[in-house]
Structure formats: structure tokens, C-alpha cells
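1. this is a predicted model, with the sequence first.
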Amino acid sequence: MKFATFNINGIKARIEALPRWLDAAQPDVVVLQEIKSQDHLFPKEIFEDRGYHVETHGQKSFNGVAILSKWPLEDVTRGLPGDPEDEQARWIEATVCGTQAIRICGLYLPNGNPAPGPKYDYKLAWMARLYDRAKDLMEAEMPAVMAGDYNIIPQAEDAASPSDWTHDALFMQPSRDAYRKIVNLGFTDAIRTTHFGGGHYSFWDYQAGAWNRNLGIRIDHILMTPSCADLMTNCGIDKNVRGEEKPSDHVPVWAEFDI
DNA sequence: ATGCCTCCCCGAGGGAGA
């Protein structure tokens, strides 16, 4: 099974680029972030015509996550547990029913800027709730993956110019500590099993020629429970997508599982 | 750089992103 995560920065703006990448990369399961669409306006047919089941958790204008899967999806849930008053659409999960069941969680973690401030407080509170969900997934029997736009630069080597990010919510110490605490429950970062050192980025800003100057950061991550990591056979970053016509500012990150 | 683009709302120009 080929699995991928992709922050598309608006389904309307990516109505050509997303199918183009799907047709080229042929993933079986994809979690999408920033669909920026309400559920009833999401163009499901484009993906159903390609053999995908489509589950969305959207809202108007902002955020929004989705799962595309060529295999049936069961037990779909929407919204990260822990705060019934949180109305931002940033979490969806489902069980992919293939030769072996695997729990797939798609997430769009809050950006948190400017920091400090209420948006940063929301980021850290959301990460505390993510920790609780991650702990439950780790203790469950089913292999599980939590993937998406974490809005976290885990290490200095994950930024082309780390000093630019010292006071940014993506790289500030409390952000990295909260992320590390989740990883330390026992998760494996897919990309770091095979890609070492610097230069492996998943986001390049639209501004100031960041792509042409390769001023990227790695903020889209695939975290796997141990039983899921045992099934991983290959992974990568589809960097070339950033240089194509009308791209998102993020690129797909993918992993293959022996399922 | 309280922002060099781009996206969304819609039909101007402001909020949000990272």
C-alpha cells in the first residue's frame, strides 16, 4: 500500500495539480490538508472517478482535512478529541481495510504564529490533545499512522536556514518539546529511517524565491507506531511537484507498507 | 520585514498562512 500526505493549500486552486500528481504517483491512500472547502462543496467525483473512496472534514475558507482511499474505509471519525468547543477542522481518521487493517490519521496542526499569543496557546493546547490521542493509538492493537502538516521543524537540519526560525512557532523550543514528547511515545518518523542529514524539505514559501533558492523546511511528517513501522518498505518526498505549474507550497510525502 | 506570494472570502481589500 502506497500512502501519502499532501497539504494542497485549497482544493479549488489545486483542481488540476492534485489529479496530475495522483495519476503520476498512484498512491492507494492519501491524507489531504488545507482543503479550504465545506464538505458538500468538495469535488468528490474527480477522485471517485479514479477509484478513491473520499471522506472529508471541512469548513468554509480555512483548514479542512480529507482522506482518499482505493480501499474501503471504516470507522471514520472527525475532529481531534479533547475539546468539544474546538470548531477548526484539523483531524480525521479511519481504518483502511486491506489485507491487514491499519488506522490512518490525517492532521493539520495549528501554525501558532504569532508567538507568544493566543494562536500559540491554541497550538500547544492542540498538541497536548494530540499527545493523548497518540498515546491511545500506541496502546491499541492495530498498526497506526499519524500523518500530515505538523507545522513543526523537528531539528535544525530540517530547515535550510534554521536561524530564520528561532522565534517562529514552527521551531520554538516549546513546540519542538511537545512534538518530541509525542514521538517519544514510540513513533517512527518515516522519512528519517532512510533520509539523513539536511536538504529534505516538504515546504517552500511562495515568497522571496524560496523554491529557487531551496530555502525549504521539513514540516510534513509520517509518524508510525512500531507495528506500522515494521510494515514500511520505502518512503520519499515528491519534491518535483513544487516546480510544476500552479503548485501548492507543500509537496507530498509518502511511505509504502507491506499490506 | 506587522511580509517579498498565494489562498480564501467574493467582486474590495483584509485575514491567514509559515
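-> Cool, got the structure. Everything numeric in this text was worked out from a predicted model, so none of it was measured. Numbering: from 1, shown residues only, chains lettered A, B, ... in the order given.
2. which secondary structure element contains the spatially most central residue of chain A?
-> Closest residue to the average C-alpha location of chain A: A:Gly148 at 0.9 Å, with CA atoms, centre = their mean. According to DSSP states H and E, A:Gly148 maps onto strand A:144-149.
3. flag every buried residue along that strand.
-> Residues of strand A:144-149 classed as buried: A:144-149 (neighbour count, 16 or more other CB atoms under 10 Å). Just so you know, the C-beta spots here come from the backbone N, C-alpha and C atoms, and that holds for glycine as well.
4. what does stretch A:145-162 give?
-> For stretch A:145-162, by 16+ other CB under 10 Å, it's A:145-154, A:158-160.
5. DNA strand B next: which of these are close?
-> Among the buried residues of stretch A:145-162, the ones lying near DNA strand B by CB under 7 Å from any atom of the strand are A:149, A:151.
6. closest to A:Trp126 out of the buried residues of stretch A:145-162?
-> Comparing the buried residues of stretch A:145-162 against A:Trp126 with CB to CB places A:Asn151 closest, at 9.9 Å.
7. could you tell me how many residues sit around the spatially closest residue to A:Asp230 that is not a sequence neighbour?
-> Spatial nearest neighbour of A:Asp230, excluding adjacent residues (CB to CB, 6 or more residues apart in numbering): A:Pro143 at 8.0 Å. Neighbourhood size, A:Pro143 [other CB atoms under 10 Å]: 22.
8. so does the helix ranked longest in chain A get close to DNA strand B?
-> Longest helix in chain A, counting residues (DSSP state H): helix A:118-139. Yes - Helix A:118-139 comes into contact with DNA strand B (CB under 7 Å from any atom of the strand), by way of A:Lys119.
9. give me the helices and strands touching that helix, please.
-> If you count contacts as 3 or more CB pairs under 8 Å, 6 or more residues apart in numbering; DSSP states H and E, helix A:118-139 packs onto strand A:101-108, strand A:144-149, helix A:173-183.
10. partner residues bridging the residue nearest to the centre of chain A?
-> Residues in a beta bridge with A:Gly148, per DSSP bridges, are A:Leu107, A:His221.
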